[in-house]
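> Predicted structure and sequence below. I'll ask about it afterward.
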4 protein chains.
Amino acid sequence: MKGKQYEAAMAPMRAQLVAMARWARTTGQRIVVLFEGRDTAGKGGAIRAVSEKLNPRQCHIVALAKPTEAEQTQWYFQRYIQHLPSAGEIMLFDRSWYNRAGVEKVMGYADPAQVARFLDQVPTFEKMLVDDGILLFKYWLTTDQAQQEERLRERLDDPLKRWKLSPIDLAARDKYDSYTDAREAMLAATHSEWAPWTLVDFNDQKRGRLTLVRNLLERLPETHVAPPEIHFPELGREPRAERYSVLQPIESYPV
Amino acid sequence: MKGKQYEAAMAPMRAQLVAMARWARTTGQRIVVLFEGRDTAGKGGAIRAVSEKLNPRQCHIVALAKPTEAEQTQWYFQRYIQHLPSAGEIMLFDRSWYNRAGVEKVMGYADPAQVARFLDQVPTFEKMLVDDGILLFKYWLTTDQAQQEERLRERLDDPLKRWKLSPIDLAARDKYDSYTDAREAMLAATHSEWAPWTLVDFNDQKRGRLTLVRNLLERLPETHVAPPEIHFPELGREPRAERYSVLQPIESYPV
Amino acid sequence: MKGKQYEAAMAPMRAQLVAMARWARTTGQRIVVLFEGRDTAGKGGAIRAVSEKLNPRQCHIVALAKPTEAEQTQWYFQRYIQHLPSAGEIMLFDRSWYNRAGVEKVMGYADPAQVARFLDQVPTFEKMLVDDGILLFKYWLTTDQAQQEERLRERLDDPLKRWKLSPIDLAARDKYDSYTDAREAMLAATHSEWAPWTLVDFNDQKRGRLTLVRNLLERLPETHVAPPEIHFPELGREPRAERYSVLQPIESYPV
Amino acid sequence: MKGKQYEAAMAPMRAQLVAMARWARTTGQRIVVLFEGRDTAGKGGAIRAVSEKLNPRQCHIVALAKPTEAEQTQWYFQRYIQHLPSAGEIMLFDRSWYNRAGVEKVMGYADPAQVARFLDQVPTFEKMLVDDGILLFKYWLTTDQAQQEERLRERLDDPLKRWKLSPIDLAARDKYDSYTDAREAMLAATHSEWAPWTLVDFNDQKRGRLTLVRNLLERLPETHVAPPEIHFPELGREPRAERYSVLQPIESYPV
């Protein structure tokens, strides 16, 4: 998909995302969106597509570091639960509790009993959140390995993206099928009536973002809330200019 | 400044920001950047310019909500200190402890004694951080009121930006000079040898961002760290395709 | 019960509590004990009876303040979950999530729908903790109103206890039956196979403490872990005395 | 000192501590008490002497675990600052930031540059807290090695106290003088006008506790605040008895 076409399609949805945020703020809705998926699928870009026009004091990105030693011994969900939303908040999880059924399972960081317990608990856990009124959306971004290889190469070659290339990514190249199997097992266990999964094809990342955002917007209830009336009178005098006594601005970048 | 010119100038600096992040990660540097400034100056855009290519698990944006009742009675710096960096982290403060000497002073949320105590403590506080090895950068983004008025109008008229228009912004229109005075008093008290302020003219926001980022990069020590060698062999077989058994991806957005 | 008899009975159990703590530390067990009950029943004293000989870095008392405005809009369990134990920790909850089915219900701080949802969720929630390996003990301390009245009077008259007398306590005097009803409804909904309740008669507080501690100890699995061998050689020289150059100790309280 | 004498002396001071807490609550005072001292001196007992009659929702004991890896790279004071009080709170630190100048220095966990920076920063840091209105008390509990040896032996022999005997304690036996030197250097650097140290002789622990508490009480300003009038009418009917439908209390411990 071309950039121009993408822009034309995304523009009206940006306005709808902003409307969603106003609605959440006004009505006290709490929104959680999980972004999971194949490495290189484009989770970061999808999160940016949702968040870029929203108030960073309302819409938070949750990208947890690896657990501390103490956290590793706690109830698995504990450190995620700290980031569940208050009234009006939108929490975008860049990876989530599903780590346990994905990378942790495939790479052997969690043992089979831990994975089994996780898959057993997660529908119940999510039901509690949904019953509590949290709006929970779960997206899994898919990509064929041909695209994945291309993007890994790009990460290798592009200095801007090199940091994204981790040893785990490389190890994952030989485990594409294991990740597929893990995902399917995870879907079988956790695609519930109250918290269904949505798979989105990210072989074309721009289309993928449009698809995901459109889906999110369509699944929301009516979000129209008129913005508050604002009285914005004429200033009634010349606008002031900046005035400096202690320090001057540094020299501006040349045009 | 035109978008094309901006892109051409920003592109190499993006690579340097990524290099900065690698250096911080590798050497354990801790970086704090404060973004303060006139309402509508463009703090959000400047923060995005710094952060957009960095790892969100390394580079965090700190945008605190208003303090709780309990926090209001604590030592003023306490809730900010929780967000100071660990080794390798880059913390971008979207507003900061300087609220006390700006909006809180001008709008009367803090009384003169609190403001005076703040201005008295802040150089000492910052010296402790700098002596501890934290790299602290303090930017104040300036804008004449003519531009500010224009941007406020735009917030009023553009549904995407309407949420940025708060009652405080409107009240601030009549207080442009008070904000200037507050800033000058703040600079006089807190522009220190160890934690100097940098004023950046954001009448042109694109130029402002370039100016700010260039300044940040120039003030860093040598940040070159070679990225780790990565062995990336041929896959040696056909790449796999996605395979679905439980759920299919939803229909993609039409091209 | 007389103090002497109490001491004689408690002494060996203190040693067993210490053994329990060593076992928890050595084997990584996580222990949660909830102390609920009638106002004035003696929760504080019971908690002290369990904790007094234990390491305060291992055995923590969780006595949460009333929720902030933001917390009030979160998933109800969220602020409690932050205090669930890491490996080796013992968490004693001085009141707990059951507030919702007790004081919040009776005093009208939670509406019937919230209480119903709570009672519906709590067995599931607790099952997740227990399945995760947390040892969960739930005690409810009972007291007849005659004793309660006496203790309230004592709080009124004894300056050391006056702070314990809150307006809610006084309001509760007319609601003794409502609290009973609320407890019975709570027991009916949350006395589960995996997380049973234990009612302990605290009309005699000393007996109550002995009863509770004995029950806790009996329900633990074998906790014997030999303390590590410690080599404690003779000092081999005269022990040193304190030596002061900057400051002298203040004058000691006269014998 | 005999137990009877101790009780007689402590009783009126307990009432004064309760008065102090009421005063803090009513006037919004924030109180911080640091308990430092020789191993085995009796910090735990001194903390209990202060806290035992106070509301655990107001008076908190801060006994931090060893820092995580991330915390070790943060500004040293950061993890302590999270526990500074809100209005009305009393925070009792069981060890404190002074670890750096004591155990960390003597055992080599902190290097000389870190210790020097700490000693340099701490008076400034404490001045900020005191200027902010926090009431800061710093106690160092002293004990001759003869007593220390006796108490270590007791920890070895008494199963209730065995957990208190750590490898560090044993290593410290040969370092009594190093600890003395470290303390003296610490006092020289941090005994300030605004945050003075108080040394208390704990060779006799009961006397030590009385001495410490008396000193604390004497240094407070007038703390008298009349407790709120409470209207406590007759109940006007027979008091209710407990009534059980779901579960019966377990059998009480035999008298």
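Thanks, I have the structure now. Numbers count the residues shown, from 1 in each chain, chains lettered A, B, ... in the order given.

> residue ranges of the helices in the stretch 151-255 of chain A, please?
Listed in chain order, the helices of the stretch 151-255 of chain A (DSSP state H, counting those that start in this stretch) span A:167-173, A:176-190, A:205-219.

> got the buried residues for the shortest one?
By 16 or more other C-beta atoms under 10 Å in any protein chain shown, the buried positions in helix A:167-173 come out as A:169, A:170, A:172, A:173. C-beta: built from backbone N, CA, C; applies to glycine.

> Contact partners for residue A:177?
Residue A:177 is in contact with residue B:240, counting by C-beta atoms under 8 Å, 6 or more residues apart in numbering or on different chains.

> what does the stretch 1-150 of chain A put close to chain B?
A:1, A:5, A:9, A:14-15, A:18-19, A:21-22, A:25, A:38, A:44, A:53-57, A:61, A:63-65, A:94, A:142-146, A:148-149 (C-beta under 8 Å from any C-beta of the partner chain).

> if you set the cut-off to 6 Å instead, what comes out?
A:1, A:15, A:18, A:53, A:55-57, A:63, A:65, A:142, A:144-146, A:149 (C-beta under 6 Å from any C-beta of the partner chain).

> rewinding a little: mind putting the helices of the stretch 151-255 of chain A in JSON lines, mean pLDDT and distance to residue B:122 included?
Converted to JSON lines, these look like this (pLDDT from 0 to 100; distance: least, C-beta to C-beta, whole Å):
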{"stretch": "helix A:167-173", "mean pLDDT": "85", "distance to residue B:122": "42"}
{"stretch": "helix A:176-190", "mean pLDDT": "97", "distance to residue B:122": "49"}
{"stretch": "helix A:205-219", "mean pLDDT": "98", "distance to residue B:122": "42"}
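
> most neighbours per residue, which of these?
Sort those by mean neighbour count, taking mean count of other C-beta atoms under 10 Å in any protein chain shown, and helix A:205-219 sits at the top with a mean of 20.

> Just the residues contacting it, thanks.
The contact list for helix A:205-219 (C-beta atoms under 6 Å, 6 or more residues apart in numbering or on different chains) reads A:1, A:6, A:9, A:13, A:16, A:42, A:45-46, A:49, A:137, A:139, A:198, A:200, A:202, B:252-253.

> What of stretch A:143-153?
With C-beta under 6 Å, 6+ apart as the test, stretch A:143-153 has contacts from A:38, A:40, A:41, A:176, A:202, A:203, B:239, B:240, B:241, B:242.

> go with 7 Å
For stretch A:143-153, the external contacting residues (C-beta atoms under 7 Å, 6 or more residues apart in numbering or on different chains) are A:38-41, A:165, A:169, A:176, A:202-203, B:235, B:239-242.

> measure the residue in the stretch 51-200 of chain A that chain D sits nearest to to residue C:127 for me?
The nearest approach of the stretch 51-200 of chain A to chain D comes at residue A:68, 4.8 Å away (C-beta to the nearest C-beta). Going from residue A:68 to residue C:127 by C-beta to C-beta, to the nearest Å gives 26 Å.

> cool, residue A:237 as well?
67 Å.

> Then residue A:88?
To residue C:127, residue A:88 is 31 Å away according to C-beta to C-beta.

> Now the closest residue to residue A:43 other than its chain neighbours, what are its backbone angles?
Distance criterion C-beta to C-beta, 6 or more residues apart in numbering or on different chains; nearest residue to residue A:43, sequence neighbours excluded, is residue A:35 at 4.4 Å. The phi/psi pair for residue A:35 (degrees, to the nearest 10) reads phi -110, psi 110.

> Any residue of the top helix by length along chain A touching chain C?
When chain A is parsed with DSSP state H, its longest helix is helix A:3-27. No. Against chain C, helix A:3-27 shows no contacts by C-beta under 7 Å from any C-beta of the partner chain, the least distance being 11.5 Å.

> Which positions in stretch A:43-58 come out as buried?
Going by neighbour count (16+ other C-beta under 10 Å), the buried part of stretch A:43-58 is A:43, A:44, A:46, A:47, A:48, A:49, A:50, A:51, A:53, A:54, A:55, A:58.

> sorry, that was for stretch A:67-79
Buried positions in stretch A:67-79, judged by neighbour count with 16+ other C-beta under 10 Å: A:71, A:73, A:74, A:75, A:76, A:77, A:78, A:79.

> just stretch A:190-206 next, same as before
A:190-191, A:195, A:197-206.

> between those residues, which is nearest residue B:133?
residue A:205 (39.4 Å; C-beta to C-beta).

> Tell me the residues on chain A that lie near chain C, please.
Proximity of chain A to chain C, by C-beta under 7 Å from any C-beta, involves residues A:28, A:70, A:73-75, A:78, A:81-82, A:84, A:86-87, A:117, A:121, A:124-125, A:128-129, A:131-132, A:134.

> so residue A:26 makes contact with residue A:226?
No. Using C-beta atoms under 7 Å, residue A:26 is not in contact with residue A:226, being 9.4 Å away.

> neighbour-wise, which of these two wins?
residue A:26 (14 against 7; other C-beta atoms under 10 Å in any protein chain shown).

> pLDDT score for that one?
Looking at residue A:26, its pLDDT stands at 96.

> same check, this time on residue A:105
At residue A:105, the pLDDT value in this model is 96.

> And what about it, helix, strand or coil?
State at residue A:105, reduced to three classes by DSSP: H, G, I helix; E, B strand; the rest coil: helix.

> what about it, distance to chain B?
In this view, residue A:105 and chain B are 16 Å apart by C-beta to the nearest C-beta, to the nearest Å.

> wait, doesn't that residue sit right on residue A:116?
No. Here residue A:105 does not reach residue A:116: they are 9.8 Å apart, not a contact under C-beta under 7 Å.

> okay, those two: which has more neighbours?
Between residue A:105 and residue A:116, counted using other C-beta under 10 Å, residue A:105 has the larger neighbour count: 24 against 15.

> Residue C:15 versus that one, what's the distance?
44 Å.

> got the residues of chain A near chain D?
Residues of chain A that fall close to chain D, judged by C-beta under 7 Å from any C-beta: residue A:68.

> Report the helix or strand with the lowest average pLDDT across chain A.
Sorting the helices and strands of chain A by mean pLDDT, DSSP states H and E puts helix A:167-173 at the bottom, at a mean of 85.

> And the contacts of it?
With contact meaning C-beta under 7 Å, 6+ apart, helix A:167-173 is reached by A:39, A:103, A:107, A:152, A:179, B:232, B:235.

> are any of those buried, and which?
Using 16+ other C-beta under 10 Å, the buried members of these are A:39, A:103, A:152, A:179, B:232, B:235.

> Can you show me the strands along the stretch 1-150 of chain A?
A:31-37, A:59-62, A:90-94, A:135-142 (DSSP state E, counting those that start in this stretch).

> Those strands into JSON lines, with extra columns for mean neighbour count and mean pLDDT?
JSON lines is the format used below for those (neighbours: other C-beta atoms under 10 Å in any protein chain shown; pLDDT from 0 to 100):
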{"stretch": "strand A:31-37", "mean neighbour count": "24", "mean pLDDT": "98"}
{"stretch": "strand A:59-62", "mean neighbour count": "20", "mean pLDDT": "96"}
{"stretch": "strand A:90-94", "mean neighbour count": "22", "mean pLDDT": "98"}
{"stretch": "strand A:135-142", "mean neighbour count": "22", "mean pLDDT": "98"}
